[in-house]
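S.K.: all I have is the shape, not the residue letters:
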């Protein structure tokens, strides 16, 4: 327990003041030093593009966000399910460990071009799979670790109570693992957005944020490209914040 | 005593732990011990004397290499399945995501007691250990002593006739410890349960026990059993700590424990400590 919580004013106001200061400094530098827009556009110009193209940006966020969310769900379910199997069956764990380790070092977005040819360039499937693969690794490892965190004293207690395996799993193993699962999901949530977005750079249908950034930049519309980048940041933050809030709610009582 | 089924009957129990190299470790060597119903027996000895191992064997958390253990006339395994004992460890071992009441209800819940009965029993026990104001608190909001009281209440949840306690006050400071001992004496007087209590504190063992079992290490054996003879549980109070009989038993246990150390170290003529 913390001795004193910093006031709401401090936690909210301080970052806002800092952010405004940075933006003003940025604007001042760009206008003062007459920096060309293709090097670094001024923040007010980006803001203007953002509001002018709000519909397009939000559409892009919806497309990329949907891919990321589907990827997150598939990857998380797969990661949790396989982690449970690994925790129960030592043999499976030993078989899966090198495969998952290999998977974790594959530059997953590099699979995107291959997947586009597999599923067709007109479908979003490749992007969702890329996101799912990126999500799978941290969720799998964190869940597996969580499932192994049962304290010896709790194991003894469950044996002393002479309960069935399933009862012990429900009473102790799963609640112990839960915070770890959600930590994995929090890490995975931003990975899902990044992967879904980067995967768009390698082909597939237009409409998502990644495609919009490249096409705006290639038509020298730098302000618009940055407006889409801003949209990506907002999308990533939204995923992360939701995951963080859920994690905080779940782990409130697992300090020990 | 004939005709009365003992609470615990340990006969010729040996527990050997296999090692990857060498002959392994003999934690307990041919140990026999009987605990009568309602009796408070402490196991005391230096680290490695097998006192915790013996308790774990009685609880059927571990299985002896040879020998037999009966709890209320049943094999230890059957007694565990029938939930004939309550147990408390050195670590409170509470579930951090459950409240005080939720933790105490845990064994009742796992064994299918109804919600209303669970609530009632938990409230009773919370009052017994003096935590009525904390029923809705979570373990991380409680001090170490309070957590241990919750663990003791949990061990009493199903009104067992036998309590197994493995250094439950080992991690507490001296003052909390003495207060907890006073409370345990009161609780034992109220519940009439037999207790097997592992400790490495001589005053704790003497203050609480009907009999103190002094053990020696490597291999773990029973060196001697001291009958404390300080009277009934219900008559024990703080004054007892000043009593002459208390000091006599104290020095008796201490001599037995130290005689143990003198043997190997004395040969080399080295004074330890």
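M.R.: Yes, it's here. Everything quoted here is computed from the prediction, not taken from an experiment.

S.K.: from residue B:197, how far out is residue B:175?
M.R.: Distance from residue B:175 to residue B:197, counting by CB to CB, to the nearest Å: 20 Å. Just so you know, the C-beta spots here come from the backbone N, C-alpha and C atoms, and that holds for glycine as well.

S.K.: comparing these two, which shows the higher neighbour count?
M.R.: Under the criterion of other CB atoms under 10 Å in any protein chain shown, the comparison of residue B:175 against residue B:197 puts residue B:197 first, with 27 against 9.

S.K.: the more buried one: what's it in contact with?
M.R.: Contact analysis of residue B:197 by CB atoms under 8 Å, 6 or more residues apart in numbering or on different chains lists B:40, B:41, B:42, B:43, B:165, B:168, B:205, B:208, B:209.

S.K.: helices - which of the residues you listed land there?
M.R.: B:205, B:208 (DSSP state H).

S.K.: distance between the ends of stretch B:52-70?
M.R.: One end of stretch B:52-70 sits 17 Å from the other (CA to CA, to the nearest Å).

S.K.: how about stretch A:190-198, which residues are buried there?
M.R.: Neighbour counts using 16 or more other CB atoms under 10 Å in any protein chain shown place A:190, A:191, A:192, A:193, A:194, A:195, A:196, A:197, A:198 of stretch A:190-198 among the buried residues.

S.K.: so the second one is in which element?
M.R.: When elements are defined using DSSP states H and E, residue A:191 is found to belong to helix A:174-199.

S.K.: state the mean pLDDT of that helix.
M.R.: Mean pLDDT, helix A:174-199: 89.

S.K.: and if you look at stretch A:28-43?
M.R.: pLDDT averaged over stretch A:28-43 gives 80.

S.K.: in the stretch 151-256 of chain A, what residue comes closest to chain B?
M.R.: Closest to chain B within the stretch 151-256 of chain A is residue A:153: 3.7 Å, counting by CB to the nearest CB.

S.K.: show me where chain A has its helices.
M.R.: Using DSSP H, the helices of chain A run over residues A:8-32, A:43-52, A:54-88, A:90-105, A:112-119, A:125-147, A:152-160, A:165-168, A:174-199, A:209-218, A:222-251.

S.K.: residue B:134 - how many residues pack around it?
M.R.: Neighbour count of residue B:134, defined by other CB under 10 Å: 18.

S.K.: then residue A:77?
M.R.: By the measure other CB under 10 Å, the count of residues near residue A:77 is 14.

S.K.: ok so, going back, wait, which of the contacts of residue B:197 is closest to residue A:164?
M.R.: Nearest to residue A:164 out of these is residue B:165 (CB to CB; 26.0 Å).

S.K.: verify the stated contact: that closest one with residue B:204.
M.R.: No - using CB atoms under 8 Å, residue B:165 is not in contact with residue B:204, being 10.8 Å away.

S.K.: these two: which is more packed in?
M.R.: Taking other CB under 10 Å, residue B:165 and residue B:204 do not tie; residue B:165 has more neighbours (25 against 22).

S.K.: what sits against that one?
M.R.: Contacts here follow CB under 8 Å, 6+ apart; on that basis residue B:165 touches B:55, B:87, B:88, B:152, B:155, B:195, B:196, B:197, B:198.

S.K.: phi, psi of the third one?
M.R.: Torsion angles at residue B:88 (phi, psi; degrees, to the nearest 10) stand at phi -140, psi 140.

S.K.: pLDDT at it, what is it?
M.R.: At residue B:88, pLDDT is 89.

S.K.: correct me, but it touches residue B:153?
M.R.: No - using CB under 8 Å, residue B:88 makes no contact with residue B:153, being 9.4 Å away.

S.K.: quick one on the thing from earlier: out of the contacts of residue B:197, which is most surrounded?
M.R.: residue B:43 (30 neighbours).

S.K.: which residues touch the closest residue to chain A within chain B?
M.R.: Across chain B, the shortest distance to chain A (CB to the nearest CB) belongs to residue B:93, at 3.7 Å. Each residue near residue B:93 by CB under 8 Å, 6+ apart is listed here: A:151, A:153, A:154, A:156, A:157, B:151.

S.K.: quick one: it is in a helix?
M.R.: No - the assignment for residue B:93, made by DSSP: H, G, I helix; E, B strand; the rest coil, is coil rather than a helix.

S.K.: do you know how far the residue nearest to it when sequence neighbours are not counted is from residue B:215?
M.R.: Among residues not flanking residue B:93 along the chain, residue A:153 sits closest, at 3.7 Å (CB to CB, 6 or more residues apart in numbering or on different chains). Using CB to CB, residue A:153 is found at 23 Å from residue B:215.

S.K.: could you check which of the two has the larger neighbour count?
M.R.: Neighbour totals were compared for residue A:153 and residue B:215, and residue B:215 leads with 26 against 16 (other CB under 10 Å).

S.K.: secondary structure class for that one?
M.R.: Put simply, residue B:215 is strand when judged by three-state DSSP.

S.K.: so what's the nearest residue to it once chain neighbours are set aside up against?
M.R.: Leaving out its chain neighbours, the residue that sits closest to residue B:215 by CB to CB, 6+ apart is residue B:45, at 3.4 Å. By CB under 8 Å, 6+ apart, the contact list for residue B:45 reads B:51, B:200, B:214, B:215, B:216, B:217, B:220, B:223, B:257, B:260.

S.K.: residue B:11 touches residue B:68, doesn't it?
M.R.: Yes - between residue B:11 and residue B:68 a contact is recorded at 5.0 Å, counting by CB under 8 Å.

S.K.: common neighbours of those two, please.
M.R.: In contact with both residue B:11 and residue B:68: no residue, using CB under 8 Å, 6+ apart.

S.K.: what about the chain, any weak spots by pLDDT?
M.R.: By default, I'm working from chain A. Within chain A, the set of residues satisfying pLDDT under 70 comprises A:1-8, A:253-256.

S.K.: try again with chain B
M.R.: For chain B, the stretches flagged by pLDDT under 70 are B:1-3, B:229-239, B:260-273.

S.K.: at 90 what do you get?
M.R.: Regions of chain B meeting the criterion pLDDT under 90 cover residues B:1-40, B:44-86, B:88-93, B:95-99, B:101-102, B:106-149, B:152-153, B:155-163, B:167-194, B:199-273.

S.K.: leaving out chain neighbours, which residue sits closest to residue A:146?
M.R.: Once flanking residues are discounted, residue A:146 sits nearest to residue A:180: 2.7 Å by CB to CB, 6+ apart.

S.K.: show me what contacts that neighbour?
M.R.: A:142, A:143, A:145, A:146, A:147, A:149.

S.K.: can you turn the buried part of the residues you listed into a ChimeraX selection?
M.R.: Selecting the buried subset of the contacts of residue A:180 in ChimeraX, with 16+ other CB under 10 Å as the burial test, is done by:
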select /A:142,143,145,146,147
